[in-house]
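Q: Can you look at this prediction? I've put the sequence above it.
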Amino acid sequence: MNQLLVEMFVYGYISVEVTFFMNFALLSGRLLRSSLLAAVAFLPLVGSSAHAADPPRIVEKDGRYALLVDGHPYLILGGQIHNSSGWPSELPQVWQSMEALHANTVEAPVYWEQIEAQPGQFNFTIVDQIVEGARAHNLHVVLLWFGTWKNGNMHYVPAWVKQDPKRFPRVIRADGEPIDVLSPLARTTLEADKAAFVALMRHLKSIDGEQHTVLLVQVENESGNIGSVRDFSEIANREFAGQVPADLLAAAQKSQGTWAQAFGGDADEVFQMYHQAKYINEIVSAGKAEFQIPCYINVWVDYPAAELPQRQIDTPGIAYPSGGAVQKMVGLWRKLAPAIDMIGPDIYTSDSRFYRELLHDYHRPDNPLWIPETGREEPFGRLFYYALGAGAIGFSPFGIDHPGKADPTETKFPWHARNFALIGSMDGEIADLEFSGKLKTAVEEPGEVTQELDFNGWQATVAFGFPQFDGRRAPGTKDQHGTAVVAQLGPNEFLVTGSDASVIFHLTGQLPWMHSEFLSVEEGRYENGAWKSSRLLNGDETDRGIQFHDDETVVRVTLNRF
Ligand code: DGJ
């Protein structure tokens, strides 16, 4: 594997030499050496124990995470389809929509009500169609298990579950009313969901154990209660009046007591969370015993009240599904549900500050960052670069297919499509660079028309908006959509791209062009892992910084100190 990587880099530079041999023989020799250095710098990333035959898995190094697919870090440029698009009638438009989005991974639901319409009789026809269709369209798949919970309700459970509240008891509100959420305290419900999930994972292993089309499985969807902070059934109340279980006390570093004594005003929510985390953990453990691929949960996060005006009160069970892994619960969830590989926030606010707060809250030493759902609207386009800069293993806008449309060859979401086309042309390289901590991003913010990115002695100054005149501040863009990606390939070598931004390098504490200069700025692209240079940029294209408009320019820069 590592040998192959070296060969790919060498091949990339051999082709550079052929193209520019006469004029740039000396320069190419230097590039070859530095690119070999860069290749060597990548070598430890893959890890000697990773093999192409291994199923996908999450790996950690120095607090950074990667999703390894066939032995290489993989960046999910995903698109989640609409809730009712996981049906044969919709798949043709799904594939076209994914292609128009330039996504490399489709997120598609599997409905409990669909695969087990009759108890114990499983039908995986649609799962097969999703996996085969994805292969035919050169996509990977994230499967979403819509089981006991979907958006804090139970709307995707089979009719035979909905119709048997005795066997599958519902959450009871404080006023004694049952609601459309199943109680996680019922062993019978847990066993039924678990049996279906286990059957699904067994089937996945049979169809994908070798090919690794399916990368991740999401277990449940935005689990929790909408409509009550906890289950107030008799059995739940009895348990709530008793002592807090030892595993939760240990996880929360609390001493003995009742729920109310240990958790005060949060006791109801923590009670719900505890039962839910244990319930899902048991389902995941059983599923992974059949097929060991990463499983995660997604979260309806706790928004500031103003973000959701229709839910003004920040109360669990009203503002968000109570029991879910909202920001304050992530740590407890990680400890109580160790079988789960990741907890991913669904982020539907384009408020850049809050977006970054959420990236921070879910990117923890014990939790890889993964954005399983986010907004598809234009303001979310630039936020992709925050996720990339924070080391996310993937980013996936929701609702990106075009239900009912026969020929969605044009995406309605060109901002995401542009990002995915640009980064998708080198997604393997970007995933490597993220995992090695060598990639940084700049995202324009109001009033911040320049930004500095630091790289051990070198700094990149990013200036947003054009035209940029000598001696004047960059103008910024009208709607703050300027972005840049800068990644260090070697001591003096960088990969750079961006949109409506210029990038110039300088030594820390020095002005650009003082004791430093470009040795070369090569415009080009990666093809199957090999860099193909198309021309050298110089003069007006580099003297005031390398300029990036919206044409998906990518450059490799080599710098010199003098
Ligand atoms: C979040 C859910 O997880 C999705 O399934 C979908 O319902 C979206 N909300 C709709 O905005």
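A: Sure thing, it's come through.
Q: Just name the shakiest helix or strand of this protein by mean pLDDT.
A: Within the chain, no helix or strand scores below helix 2-46, which has a mean of 32 by mean pLDDT, DSSP states H and E.
Q: Listing partners with orientation, what would you give for the very next helix or strand once past that helix?
A: Counting by DSSP states H and E, the next helix or strand C-terminal to helix 2-46 is strand 57-61. The pairing partners recorded for strand 57-61 under DSSP bridges are strand 64-69 (antiparallel).
Q: Distance from the chain centre to stretch 151-162, please.
A: How far stretch 151-162 lies from its chain's middle: 27 Å, per CA atoms, centre = their mean, to the nearest Å.
Q: contacts for that stretch?
A: If you take CB atoms under 8 Å, 6 or more residues apart in numbering as the criterion, stretch 151-162 is touched by 111-113, 116-119, 146-148, 150, 168, 170, 180-182, 189, 192, 221-227, 300, 320-322, 324. For every residue, glycine as well, the C-beta is placed using N, CA and C.
Q: Alongside the ligand, which residues does this structure contribute?
A: Proximity of the chain to the ligand, by CB under 6 Å from any ligand atom, involves residues Asn83, Asn151, Asn221, Glu222, Asp346, Glu373, Phe398.
Q: Quick one: mark the members of those residues that sit in helices.
A: Judged by DSSP state H, the subset of these located in helices is empty.
Q: ok so, going back, is there a quick PyMOL command that grabs whichever of the contacts of stretch 151-162 are buried?
A: Buried residues within the contacts of stretch 151-162, by 16 or more other CB atoms under 10 Å, are selected in PyMOL with:
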select buried, resi 111+112+113+116+146+147+148+150+168+170+181+182+189+192+221+222+223+224+225+226+227+300+320+321+322+324
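Q: out of the contacts of stretch 151-162, which are inside helices?
A: Reading helices off these with DSSP H, I get Trp112, Glu113, Thr189, Ala192.
Q: can I get those in CSV with distance to Gly176 and pLDDT?
A: Shown next, in CSV, are the ones in helices among the contacts of stretch 151-162 (distance: CB to CB, whole Å; pLDDT from 0 to 100):
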residue, distance to Gly176, pLDDT
Trp112, 28, 98
Glu113, 28, 98
Thr189, 20, 98
Ala192, 25, 99
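Q: Is Gly257 in contact with Ala241, as I believe?
A: No - in this structure Gly257 lies outside contact range of Ala241 using CB atoms under 8 Å: 11.8 Å.
Q: Show me the common contact partners of the two, please.
A: By CB under 8 Å, 6+ apart, no residue touches both Gly257 and Ala241.
Q: residue boundaries of the strands in the stretch 251-400 of the chain?
A: Using DSSP state E, counting those that start in this stretch, the strands of the stretch 251-400 of the chain run over 295-300, 342-347, 371-374, 394-397.
Q: Which one of those lies nearest to Gly381?
A: strand 394-397 (9.1 Å; CB to CB).
Q: Please save the CA atoms from the helix or strand that that closest one is followed by in CSV.
A: Following strand 394-397 in sequence order, the next helix or strand is helix 414-424 (DSSP H and E). Extracted in CSV, the C-alpha atoms of helix 414-424 (Å, rounded to 0.1, in the frame of the first residue of the first chain):
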residue,chain,number,x,y,z
PRO,A,414,-24.9,24.6,-7.1
TRP,A,415,-22.8,25.9,-4.1
HIS,A,416,-22.6,22.4,-2.6
ALA,A,417,-22.0,20.9,-6.1
ARG,A,418,-19.1,23.3,-6.7
ASN,A,419,-17.5,22.4,-3.4
PHE,A,420,-17.9,18.7,-4.0
ALA,A,421,-16.6,18.9,-7.6
LEU,A,422,-13.5,20.9,-6.4
ILE,A,423,-12.7,18.8,-3.3
GLY,A,424,-14.0,15.6,-4.9
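Q: Mind listing what's buried along helix 414-424?
A: Trp415, His416, Ala417, Arg418, Asn419, Phe420, Leu422, Ile423, Gly424.
Q: Quickly find the element holding Gly471.
A: For Gly471, there is no enclosing helix or strand under DSSP H and E.
Q: mind checking how far the closest residue to His137 other than its chain neighbours is from the ligand?
A: Leaving aside its sequence neighbours, His137 sits nearest to Trp95 (CB to CB, 6 or more residues apart in numbering; 4.7 Å). Computed as CB to the nearest ligand atom, to the nearest Å, the Trp95 to the ligand distance reads 20 Å.
Q: Make sure Trp95 is indeed in a helix.
A: Yes - under DSSP: H, G, I helix; E, B strand; the rest coil, Trp95 falls within a helix.
Q: count of neighbours near Gln456?
A: Careful, residue 456 is Asn and not Gln. Asn456 is flanked by 9 other residues according to other CB atoms under 10 Å.
Q: Identify the residue nearest it in space, chain neighbours excluded?
A: Gln488 (7.7 Å).
Q: Greatest separation within the residues of the chain next to the ligand: which pair is it?
A: For the residues of the chain next to the ligand, the maximum inter-member distance is 13.0 Å, found between Asn83 and Asp346 (CB to CB).
Q: Return the closest of the buried residues of helix 414-424 with respect to the ligand.
A: Ranked by distance to the ligand (CB to the nearest ligand atom), the buried residues of helix 414-424 are led by His416 at 15.5 Å.
Q: In the stretch 1-150 of the chain, which residue sits nearest the ligand?
A: Asn83 (5.2 Å).
Q: residues in contact with the residue nearest to that residue when sequence neighbours are not counted?
A: The shortest distance from Asn83 to any non-neighbouring residue, by CB to CB, 6+ apart, is to Pro109 (6.5 Å). Taking CB under 8 Å, 6+ apart as the contact definition, Pro109 lies against Ile81, Asn83, Ser85, Gly86, Leu143, Leu144, Phe146, Asn221.
Q: What is the burial count for Ser206?
A: Counted by other CB under 10 Å, the residues lying close to Ser206 total 11.
Q: Roughly how far does it sit from the ligand?
A: Look at Ser206 and the ligand: by CB to the nearest ligand atom, they are 27 Å apart.
Q: Kindly report the same for Gly476.
A: Gly476 is 31 Å from the ligand, by CB to the nearest ligand atom.
Q: Surely that residue touches Thr450?
A: No - counting by CB under 8 Å, Gly476 sits too far from Thr450 to count as a contact (9.2 Å).
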